[in-house]
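Peer 1: mind looking at a prediction? Sequence and model below.
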Amino acid sequence: MGCSIFVYVKKFFSLSLILNSFITLATVAGILYGFYDAWPNWKPFSPYLVTGNLFLVVAAAAFINIFPSASIGRCLHTGRLWFHHYVYGFFVLLSSVIYVVTFTSVSLIMLFFIYSSSVAVNAGRFFVLTGLTLFLDDLPDVSKQVESILNKIKSGFYKIRQAIHALQLVTGLVSFYVFLAVSLSIIHKLAFTFSNFITMSTFLITSITSFACVKRKAWLKIAPEK
């Protein structure tokens, strides 16, 4: 019983890290859209952040974190309730898309690019990313062809694993600096909003995940597919 609970907790932890990476990417997408649209008149989180272009590095950190985060849960045998969880992921994703299109005034294409404090919009964003997390985490089980394609990609990553390992450290350090800059700016301006709290939290988790993966040498342990 205890072992089973540990397996499910570890799987949930893995999915949470993947979801955080997607939330980071979505947050960065919105900030960069505003930054480049208003450039050079808007300097986000100044004077603590030297340039908004550093959000591109945060996005890179989040992207690099996805594979090692997923690998935590891929080796676990949690079984399935009727279906693989990519089916549930697809259902959540589809339902969320229908919800956004039907019950919000935001275009689906612009969902992650515009600022909105609407609970309905942000709920739609969250469930879209949750569905995407469940679907992509279980993607190798969709079909043998998909699994074969992913294995080839994995073999390609194996050839440059040392470069990715080093890049993960660099992007993690930059992400932590961005977290500090964003936090100091929010504290200085007393801008304690829910969206700013999410921004600080997701950047912090992204940087910590990067450091943890570097310490575990997650990318160096990647095995080539035969």
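Peer 2: Structure received.

Peer 1: mind listing what's buried along the longest helix along the chain?
Peer 2: Looking across the chain with DSSP state H, the single longest helix is helix 2-38. Of all the residues in helix 2-38, those buried under the rule 16 or more other C-beta atoms under 10 Å are 11, 14-15, 17-28, 30-32, 34-35. Every C-beta, even on glycine, is put in place using the N, C-alpha and C of the backbone.

Peer 1: that one packs against which elements?
Peer 2: Here helix 2-38 touches helix 55-74, helix 119-137, helix 194-216, going by 3 or more C-beta pairs under 8 Å, 6 or more residues apart in numbering; DSSP states H and E.

Peer 1: which one of those lies closest to L93?
Peer 2: L93 sits nearest to helix 119-137 of all these, at 3.0 Å, using C-beta to C-beta.

Peer 1: what residues sit buried inside the helix or strand following the closest one?
Peer 2: Downstream of helix 119-137, the next assigned helix or strand under DSSP states H and E is helix 144-159. The neighbour-count check on helix 144-159 (16+ other C-beta under 10 Å) flags K154 as buried.

Peer 1: quick one, helix 144-159 and helix 55-74 angle?
Peer 2: 120 degrees (axes from the mean of the first three to the mean of the last three C-alpha atoms, to 10 degrees).

Peer 1: what's the average pLDDT for the following helix or strand past helix 144-159?
Peer 2: Scanning forward in sequence from helix 144-159 by DSSP H and E, the next helix or strand is helix 161-189. Computed over helix 161-189, the mean pLDDT rounds to 97.

Peer 1: the helix or strand bottoming out on mean pLDDT in the chain: how far from the chain's middle?
Peer 2: Lowest by mean pLDDT, DSSP states H and E among the helices and strands of the chain is helix 144-159, with a mean of 82. Centroid separation for helix 144-159 versus its chain: 21 Å, with C-alpha atoms, centre = their mean, to the nearest Å.

Peer 1: where in this protein is pLDDT low?
Peer 2: Residues of the chain meeting the criterion pLDDT under 70: 1-3, 74-84, 141-143, 224-226.

Peer 1: and the gap between the closest residue to T24 other than its chain neighbours and G52?
Peer 2: Nearest non-adjacent residue to T24, counting by C-beta to C-beta, 6 or more residues apart in numbering: A62, 3.9 Å away. Going from A62 to G52 by C-beta to C-beta, to the nearest Å gives 16 Å.

Peer 1: the two: who's more crowded?
Peer 2: A62 (29 against 21; other C-beta atoms under 10 Å).

Peer 1: which residue comes closest to A223 once chain neighbours are left out?
Peer 2: Excluding the flanking residues, the one nearest A223 by C-beta to C-beta, 6+ apart is Y158, at 7.2 Å.

Peer 1: pretty sure that neighbour contacts K221?
Peer 2: No - look at Y158 against K221 with C-beta atoms under 8 Å: they stay out of range, at 10.3 Å.

Peer 1: and N151, how far from T51?
Peer 2: For N151, the distance to T51 (C-beta to C-beta) stands at 38 Å.
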